[in-house]
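Q: Next comes the sequence, and after it the predicted model I'd like to discuss.
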Amino acid sequence: MRIVLALFFACLLWMSFQKREPIKAFLARELSALIDPIETLDQASFLAELTSRANAASETSKKTPLALTASTDLQFWLSQRSINGQLGDLSAITSAIKDTMPTFAEVEAIEFKARRQTELLDEFTRWIHTRPPGLTHLATFLIRTPDEDRVKGITIACRKLPRFTPTLLNSDHAEFFSTCAFCEDEHPVSVERNPLGRFLHCPSCSRNYGILFQDLEGRYHHANQFLTGFEPPSFVPRADPDDLDGRHFEMTTIWKAVVDHCRYETDILGLAGQGEQWQFASQTHAYANGDCEDTSILLVDWLIARGFDARVALGWAQTAGGETTGHAWAVCRIGREEFILESTPHYYDPQGPPTNAEIGNLYLPYALLNRGTTYFRRTEGWTPTYYSSHDWEAITTPPLSPEEIPKIAETAGSVATAHRWIHGRLHFNDLSR
Ligand SMILES: [Zn+2]
């Protein structure tokens, strides 16, 4: 018996020596482990329990309860990093999250060590309840300390940005997460208000890859989505596609009809310097008014519906006085010729539309629109051409669905008008007459 006891103590001494611990501490730890065995680390349950506690009202604080979502993606990312031995300290973790997952705009991290997971839950809950509002996601990760005596927990609380949609511009959101359509860089984006529109700008390739405008009801759309395929009822003779003179006559007739029909009016927001408010072609047609982009949209929508290769151009133009001003105009290609179609009285030339070769140097477009596509200029210098893929890069944005296009209020029978062909010119007539 004595020999057995001596051997047992020798063993304990040897184990305590191996762990480089005083025999007393070693015994206390081993005994407590015997009474209180090592817990299994259940990452998923721990995250679920912490999220539920974090979202419950705090006992000490009168703040509104948080609405955090458990981020299993982020938890998985933490576990992968731990397996690869790259976990690092808290500042390394927060900067790695911001670098690799730019959708997380604000990242806060904390770590605690405790013997029991319930103690960690208490510590983390207290910490989360002192966080500022606005955080949206939560992740946590548990690992054993090297001596296996305690559990180290890391908790991350962060604000995840919503993915950009034009609809979100109408809400209180000011910051979004977006992917550059050119270089596919993922980045946070704040959409600045600008008299020329609202732009999605890529910090990586320094290019704009989205242009957005408000409609009359204050809803934002991609600029090309204002082209909806609208064609007013009309009796314009259709020319054979191979008959270039006939096509030119058809284009000119439609162009003059739009100019004659629309009263030029600057929109109220534009006058207040707060940016433009755009009309859909159906609205410009029904209300018989609009400014340069509204009438260009009606003209281009109509031309495209008749099979023309037409685009709305956004940019700057030189006025007769030599000043340069923000402007919108239409371009249309027939055969090899590109025509510039001005739809506002200031620029309109009743003799007929000039070609780009004749007056193209008076214009500097930064974007072109057709149905479904916005073209961004690739080059800084301007060699006037509207159709070369060398100069223009296309970004596709699907057209709006019929439900998304505002319905036209019935106004004095204007909806029921058609463009009637009288004495070689188009006129707007009430069909009911
Ligand atoms: Zn980019």
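A: Perfect, thanks for sending it.
Q: Let me see the mean pLDDT of the helix or strand that contains Arg126.
A: Arg126 belongs to helix 117-128 when assigned by DSSP states H and E. The pLDDT scores in helix 117-128 average 93.
Q: Give me the distance from it to the chain's centre.
A: In terms of C-alpha atoms, centre = their mean, to the nearest Å, the centre of helix 117-128 is set 36 Å apart from its chain centre.
Q: What's the first helix or strand after it?
A: The C-terminal neighbour of helix 117-128 among helices and strands, as given by DSSP H and E, is strand 137-144.
Q: Do a quick rundown of the helices in this structure.
A: With DSSP state H, the ranges of helices along the chain come out as 2-18, 23-35, 43-55, 72-83, 90-100, 117-128, 244-261, 268-271, 281-287, 292-305, 356-359.
Q: tell me the most buried of these?
A: Most buried of the helices of the chain by mean neighbour count (mean count of other C-beta atoms under 10 Å) is helix 292-305; its value is a mean of 27. Using the backbone N, CA and C atoms, a C-beta is placed for each residue, glycine as well.
Q: before we move on, the earlier item: what's the angle from the helix holding Arg126 to helix 43-55?
A: In this structure, helix 117-128 runs at an angle of 40 degrees to helix 43-55, with axes from the mean of the first three to the mean of the last three C-alpha atoms, to 10 degrees as the basis.
Q: send the alpha carbons of helix 117-128 over as CSV?
A: Output of helix 117-128 as CSV, limited to C-alpha atoms (Å, rounded to 0.1, in the frame of the first residue of the first chain):
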residue,chain,number,x,y,z
GLN,A,117,-18.6,29.6,-20.9
THR,A,118,-21.4,31.1,-18.8
GLU,A,119,-18.9,33.5,-17.3
LEU,A,120,-17.9,34.5,-20.9
LEU,A,121,-21.5,35.0,-21.8
ASP,A,122,-22.0,37.4,-18.9
GLU,A,123,-18.8,39.4,-19.8
PHE,A,124,-19.7,39.6,-23.5
THR,A,125,-23.3,40.6,-22.8
ARG,A,126,-22.2,43.4,-20.5
TRP,A,127,-19.7,44.6,-23.1
ILE,A,128,-22.3,44.5,-26.0
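Q: who's in contact with it?
A: Counting contacts by C-beta atoms under 8 Å, 6 or more residues apart in numbering, the residues outside helix 117-128 that touch it are 39, 41, 46, 49-50, 53-54, 66, 68, 110, 112, 114, 138, 140, 142, 151, 153, 155, 157.
Q: cool, and stretch 44-61?
A: With C-beta under 8 Å, 6+ apart as the test, stretch 44-61 has contacts from 65-70, 72, 75, 117, 120-121, 124-125, 128-130, 138-140, 142, 153, 155.
Q: what's the burial count for the closest residue to Glu293 other than its chain neighbours?
A: In this structure, Glu293 finds its nearest non-sequential neighbour in Ala328, 3.7 Å apart by C-beta to C-beta, 6 or more residues apart in numbering. The number of residues packed near Ala328 is 26, by other C-beta atoms under 10 Å.
Q: My read is that Ala328 contacts Leu298, right?
A: No. At 11.5 Å, Ala328 does not count as touching Leu298 under the criterion of C-beta atoms under 8 Å.
Q: Excluding sequence neighbours, find me the nearest residue to Lys252.
A: Careful, residue 252 is Thr; it's not Lys. Computed as C-beta to C-beta, 6+ apart, the closest residue to Thr252 that is not its neighbour in sequence is Gly352, at 6.0 Å.
Q: Likewise for Trp382?
A: Nearest in space to Trp382, with sequence neighbours left out and distances taken as C-beta to C-beta, 6+ apart, is Leu364 at 5.5 Å.
Q: which residues pair with that neighbour across the strands?
A: When bridges are taken as DSSP bridges, the partners of Leu364 come out as Trp316.
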